[in-house]
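Engineer: predicted model follows, preceded by the sequence.
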Amino acid sequence: MVNGLMVNRLFQIVNKPYIRGLAYALSCGYYAGLSLHKSLYKMGLLQIKDAPCKVISIGNITVGGTGKTPFALFLSDLLKKEGKRVAVVVRGYKSRDKGILISDGQDILQGVFQAGDEGYILARRLKGIPILKAKRRYIAINYAFNHFGADVIVLDDAFQYWALKRDVDIVLLNAEEPFGNGHLLPRGKLREPISALKRADAIVLSRTDDRAAGGWRVYLKEIFDIPIFTADYILESLVSIENKSYPLDYLKDTPVLAFCGISRPERFRYTCSKLGVKIKRFIVYPDHYCYRQKDIDFLKKEAEASGLKCLLTTEKDIVKIADCRLPIFYPKISIEIKDKGFYRWLKKKLES
């Protein structure tokens, strides 16, 4: 997986006039390597494995910021409510443990640094649903099938995972900039050409407002002729580092130090504005950043030096933070598709 913040910085560099030609050449090389990799599977030189149960892939064609983890939460919970035996399989990016099982659905068996932040958040939020990880994800899928009787696997970040057959491919696009500048890495943010969406069974537009969603739905439907759904982000509550919930206006007009280590830090700043807080300091770390004690001490020192008594961050970050002896909160965010036709479509796909 490519670090989202790193790509954003690289993106700024490669679009400078004196280096744009090199970036274009590197993008051509990237495309050649991508095409070769796909061809090896298509020619049978690399094996594509079958899963023992139904597999739903959640993926994207750009780097970072499309909401795959919140959507995995929504989809897994939806399937469970519909009576499915669900398990979630993640790659476990930056995890420090080779163990497959993050959660058995009841107990969390790995810490955040062993599981990876996304897998750990899924384990915290999804009760009654096993969470597993493996680079070779079919190993985790077989484990979920054999040990938990899973009949549906939600496979996170797998649109480019050629080694496994899937029953449903759902691709998330950020409606604010679904294709970046339209170029492949490293000149742009595309993992694959836009034409790769032909492989998708459905597209979900995330981070939408009514106008953006409407325009993109029409465009994508005309080009790809597949179902297009929109996903709404919902701010549920403020949650403290002690896992206590508060109303969304609890910190309204409060001066805070805000920090995050996510692929699109500007989205977190926007969320902070919706909470009505007064951001006095805003500190950005690399995506998937592993906070050390010196980082926590630094945040505490910076807050105190600015006369701030409160810190605000994301759920993805707070799970990697020990108590810094100052109050720390994060906004609990969920995502959902309100269109009732979504599950009817998904059910039909799983039964076909």
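Structural biologist: Here it is on my side, so go on. Numbers count the residues shown, from 1 in each chain.
Engineer: quick one, helices of the stretch 51-200 of the chain?
Structural biologist: Secondary structure of the stretch 51-200 of the chain (DSSP state H, counting those that start in this stretch): helices at 68-81, 112-115, 117-125, 137-148.
Engineer: what does the domain assignment say about this structure?
Structural biologist: Split into domains by automatic domain parsing, the chain comes to 54-231+337-351, 237-331.
Engineer: for Tyr246, find the nearest of the helices of the stretch 51-200 of the chain.
Structural biologist: helix 117-125 (17.7 Å; CB to CB). For glycine as for every other residue, the C-beta is placed from the backbone atoms N, C-alpha and C.
Engineer: any idea which of the helices of the stretch 51-200 of the chain is most buried?
Structural biologist: The highest mean neighbour count among the helices of the stretch 51-200 of the chain, using mean count of other CB atoms under 10 Å, belongs to helix 117-125: a mean of 24.
Engineer: once you drop chain neighbours, what's closest to Ala115?
Structural biologist: Excluding its sequence neighbours, the residue lying closest to Ala115 (CB to CB, 6 or more residues apart in numbering) is Ile102, at 4.4 Å.
Engineer: cool, and Tyr246?
Structural biologist: Sequence neighbours aside, Leu238 is the residue nearest to Tyr246 in space, at 4.4 Å (criterion: CB to CB, 6+ apart).
Engineer: can you map out the strands along this structure?
Structural biologist: Under the criterion DSSP state E, strands of the chain are mapped to 54-59, 86-90, 101-103, 131-133, 152-156, 168-174, 202-206, 228-230, 232-240, 245-246, 255-260, 278-284, 311-312, 328-336.
Engineer: deepest of those, which one?
Structural biologist: It is strand 131-133: most buried of these by mean count of other CB under 10 Å, with a mean of 31.
Engineer: and that strand, what does it pack onto?
Structural biologist: With contacts taken as 3 or more CB pairs under 8 Å, 6 or more residues apart in numbering; DSSP states H and E, strand 131-133 sits against strand 86-90, strand 101-103, helix 117-125, helix 137-148.
Engineer: contacts for it, please.
Structural biologist: Contacts with strand 131-133, where a contact means CB atoms under 8 Å, 6 or more residues apart in numbering, come from 87-92, 95, 100-103, 105, 115-116, 119, 122-123, 140-141, 143-144.
Engineer: equivalent analysis for stretch 329-342, please.
Structural biologist: Under the criterion CB under 8 Å, 6+ apart, residues 67, 70-71, 73-74, 204, 206, 229-241, 245-246, 248, 250-251, 271, 275, 310-315, 317-318 lie in contact with stretch 329-342.
Engineer: let me know the pLDDT of the residue lying closest to Lys38 once chain neighbours are set aside.
Structural biologist: Closest residue in space to Lys38, ignoring its immediate chain neighbours: Trp162 at 6.3 Å, by CB to CB, 6+ apart. Predicted confidence (pLDDT) at Trp162: the value is 95.
Engineer: with that, I have no additional questions.
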